[in-house]
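Asker: Provided below for reference: sequence and predicted model.
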Amino acid sequence: MARTLLRVPATVTRGEVVEIRTLIQHPMETGFRSGENGRMLSRDIIRRFTCLYNNRPVFEAELHPAIAANPYLTFTLRVDESGILAFTWEGDNGFSQTETRTLTVA
Amino acid sequence: MSSPSWPGCVTDRRALIGGLLAVMLVRPTAATPEALEEAILDFTKGTAPQVGGVVLDIPPLVENGNTVPVSVEVESPMTEAEHVRAIGLFNERNPLPHVLTAKLGPWSGEARIGTRIRLSNTQRLVAVAAMSDGSYRFGEAQVIVTLAACVEG
């Protein structure tokens, strides 16, 4: 399991627009770099990031090798009700990881 | 200046030319302004985007191209009737013109995304926003990179 850093406000007021910051530990090997033996290192990147809020997709991103190692993504969300945020990262070599956080409307 | 040294000199020159050729062949192909245009038109499905309303926030001069913070903000009320559907970020000189494409909607509240990217060279970045009315807008930024992310693209 790769380490993740998620910044989600603990409580929000109804209708508030919150910024969500996500980071996951991943080398994001581009496939354009040669290794010690001079051979090209094969690509190993995260291709897709999705965020579901109460099972409804609210943000989706397609990542390319130009994204720096340990991909960091921020996006915004208007919160109308309490619920569960599910973050999923999918990538090369069958990489897939999901993390969840609860958002509470005060 | 003894004559036996001449053949050696010729081979050296050949080796040098061969070496230069090898360097030129091994050099990874970088995206070109044409590839950038192509990638943008692929994103907009052939529609030419209009300039304005898209702000790219990136330092104008970066010392290390391996990780450069960048954010894109699009002017939009983000209502059901008028919102940003998607944002695409493209570059001019990395091995591939694509950086990121993100899908959002009225539930986003604001049209703002941020990430960290790699830059292989001093270049131009273009952000394109797909609006709900079917139009496309774009904004661009020029970045000077002093230490490139080399072939890491």
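Answerer: In hand now; what should we look at? Numbering: from 1, shown residues only, chains lettered A, B, ... in the order given.

Asker: Provide the contact partners of stretch A:26-34 at residue level.
Answerer: Contact partners of stretch A:26-34, identified using Cβ atoms under 8 Å, 6 or more residues apart in numbering or on different chains, comprise A:2, A:40-46, A:63, A:65, A:67-71, A:89, A:91, A:95, B:28, B:95, B:118, B:151-153. Every C-beta, even on glycine, is put in place using the N, C-alpha and C of the backbone.

Asker: pLDDT of the strand ranked longest in chain A, averaged?
Answerer: Criterion DSSP state E: the longest strand present in chain A is strand A:95-105. What strand A:95-105 shows for mean pLDDT is 95.

Asker: Check stretch A:9-24 too.
Answerer: On average, stretch A:9-24 scores 94.

Asker: what's the nearest residue to residue 105 if we skip its chain neighbours?
Answerer: Let's take chain A. A:Ser82 (4.7 Å; Cβ to Cβ, 6 or more residues apart in numbering or on different chains).

Asker: Switch to chain B, please.
Answerer: Excluding the flanking residues, the one nearest B:Gly105 by Cβ to Cβ, 6+ apart is B:His83, at 6.1 Å.

Asker: distance of that neighbour from A:Glu81?
Answerer: Going from B:His83 to A:Glu81 by Cβ to Cβ, to the nearest Å gives 20 Å.

Asker: more neighbours, those two?
Answerer: Neighbours around B:His83 and A:Glu81, counted as other Cβ atoms under 10 Å in any protein chain shown, are more numerous at B:His83. The numbers are 20 against 10.

Asker: List the contacts of the most centrally placed residue in chain B.
Answerer: Closest to where the C-alpha atoms of chain B average out (Cα atoms, centre = their mean) is B:Asn91, at 1.3 Å. Counting by Cβ under 8 Å, 6+ apart, B:Asn91 touches A:66, B:31, B:36, B:97, B:99, B:117, B:119, B:123-126.

Asker: where exactly do the strands run in the chain?
Answerer: In the absence of a named chain, this looks at chain A. Taking DSSP E, the strands of chain A run over residues A:4-7, A:11-12, A:16-24, A:46-53, A:56-63, A:72-79, A:83-91, A:95-105.

Asker: Chain B, not that one
Answerer: Here chain B has its strands, by DSSP E, at B:50-51, B:54-57, B:61-64, B:68-74, B:84-91, B:98-103, B:111-117, B:123-131, B:136-147.

Asker: Of all residues in chain B, which one is closest to chain A?
Answerer: B:Gly109 (3.3 Å; Cβ to the nearest Cβ).

Asker: A:Glu19 is in contact with that residue, correct?
Answerer: No - under the criterion of Cβ atoms under 8 Å, B:Gly109 is not in contact with A:Glu19, lying 9.4 Å apart.

Asker: Who has more neighbours out of the two?
Answerer: Taking neighbours as other Cβ under 10 Å, B:Gly109 and A:Glu19 compare with B:Gly109 leading, 20 against 15.

Asker: For residue 45, the count of nearby residues, please.
Answerer: You didn't say which chain, so I picked chain A. Neighbours of A:Ile45 (other Cβ under 10 Å): 21.

Asker: try chain B instead
Answerer: When counting by other Cβ under 10 Å, one arrives at 9 neighbours for B:Lys45.

Asker: Would you mind measuring from the residue lying farthest from the centre of chain A to chain B?
Answerer: Ranked by distance from the centre of chain A (Cα atoms, centre = their mean), the top residue is A:Asn37, with 32.4 Å. As judged by Cβ to the nearest Cβ, to the nearest Å, A:Asn37 and chain B stand 15 Å apart.
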